[in-house]
Structure formats: structure tokens, C-alpha cells
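Trainee: sharing a sequence plus its predicted fold:
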Amino acid sequence: MRKLNKLNVYGLVVHCSATKPSMKVNAQVIKRWHTEDRGWSDIGYHFVINRDGSLETGRSLQYQGAHVRGYNAQTIGVCLIGGLDENGKPDANYTLAQYETLKKLYGDLRLRFPIQEILGHRDLDKGKDCPCIDVRALFSSK
């Protein structure tokens with residue numbers, strides 16, 4: 001894994017797990033998907049926000065994430081659990097607790113890194129729905 005140069009970090013990128021609300025998913029499950037199914041050395045995200053709003057640490061912040069090709073060296077990745085409805089269609093079905101935790105995490109990280117903006121995966125990788133919300137608009141009024 002490559003070291004993350006904290007001085008180069010300009011953005012927080014929000015992702016979704018692309019899972020239904022009824023699924024029991026957390027950082028441990030995602031780590032298994034990334035390491036066993038994809039052969040990666042670790043979970044790709046730095047943080048995971050569960051449906052109850054609890055925050056889990058993923059990949060260490062001393063290392064670059066593996067969450068959006070071409071932008072890992074300059075961003076921190078956070079994954080919201082959810083993003084699909086029960087029929088498997090994209091849906092911004094996140095809980096208020098998740099939004100509150102994301103807001104707090106964004107504020108905390110801006111104190112530690114030169115973060116200038118918060119983005120959705122879809123803002124950097126056209127053709128993706130992830131995370132099914134306009135993250136920039138959500139935080140522009142805050």
C-alpha cells in the first residue's frame with residue numbers, strides 16, 4: 001500500500017455499499033469483499049458509516065484508499081451502508097443518523113487535512129450512481 005501524503009488530500013469522497021436496507025453489512029463484511037473477492041490487501045475505504053450512524057474505521061489514514069481510480073492519492077474514502085432499495089434499484093435510503101455522522105466526520109477531517117470539498121463517487125467516475133445522492137448539494141447549504 002502506498003502512503004497517503006496528508007498535504008495532498010483535497011477531498012472526501014462518499015460512496016455507498018450498494019446494499020439493500022435489510023442486509024447486515026459493516027466494515028468487516030466490506031473488508032472481506034475487498035480482500036477475498038477482489039484480492040486487495042485491505043478494505044478500500046478509510047471509514048464506513050453504518051445504518052445506525054456508528055462510524056467504523058477501515059483502511060488506516062496513513063495509506064491511500066482504493067475507492068476511486070485516479071483519485072486515491074488525493075482523497076479520503078467513506079462508505080455509507082445502503083444505496084439500493086429492496087428490489088436492487090439505486091436509492092438514497094440513508095438514515096438521519098448516517099447523515100449526522102457524515103457531517104461530523106467531514107468537519108473532523110477538515111481540521112486534520114487540507115480538505116476543500118466533499119464529493120460523491122459519481123462526481124469523479126461518470127456513469128456511476130454511487131452514492132445515489134448529490135453530496136455537493138447536500139453540503140453546500142451547510
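Mentor: Arrived safely, thanks for sending. All values derive from a computational prediction rather than experimental measurement. Numbers count the residues shown, from 1 in each chain.
Trainee: just the buried residues of stretch 67-79, please?
Mentor: H67, V68, Y71, N72, Q74, T75, I76, G77, V78, C79 (16 or more other CB atoms under 10 Å). In short, each C-beta sits where N, CA and C put it, glycine included.
Trainee: can you pick out the most distant pair from these?
Mentor: Spatially, the most separated pair among these is Q74 and C79, at 17.9 Å (CB to CB).
Trainee: what sits against K3?
Mentor: Counting by CB atoms under 8 Å, 6 or more residues apart in numbering, K3 makes contact with Q62, Y63, Q64.
Trainee: most neighbours, which of those?
Mentor: Q64 (23 neighbours; other CB atoms under 10 Å).
Trainee: wait, that residue touches R2, no?
Mentor: Yes: at 4.7 Å, Q64 counts as touching R2 under the criterion of CB atoms under 8 Å.
Trainee: mind listing the shared neighbours of these two?
Mentor: Listed as contacting both Q64 and R2 by CB under 8 Å, 6+ apart are A73.
Trainee: what's the next secondary structure element after the longest helix seen in the chain?
Mentor: Longest helix in the chain by number of residues (criterion: DSSP state H): helix 96-112. Scanning forward in sequence from helix 96-112 by DSSP states H and E, the next helix or strand is strand 117-120.
Trainee: per-residue confidence averaged over stretch 61-79?
Mentor: Averaged over stretch 61-79, pLDDT sits at 96.
Trainee: element containing R136?
Mentor: Using DSSP H and E, R136 falls in helix 135-140.
Trainee: show me where the chain has strands.
Mentor: Assignment of strands within the chain using DSSP state E yields the ranges 11-16, 47-49, 55-57, 75-80, 117-120.
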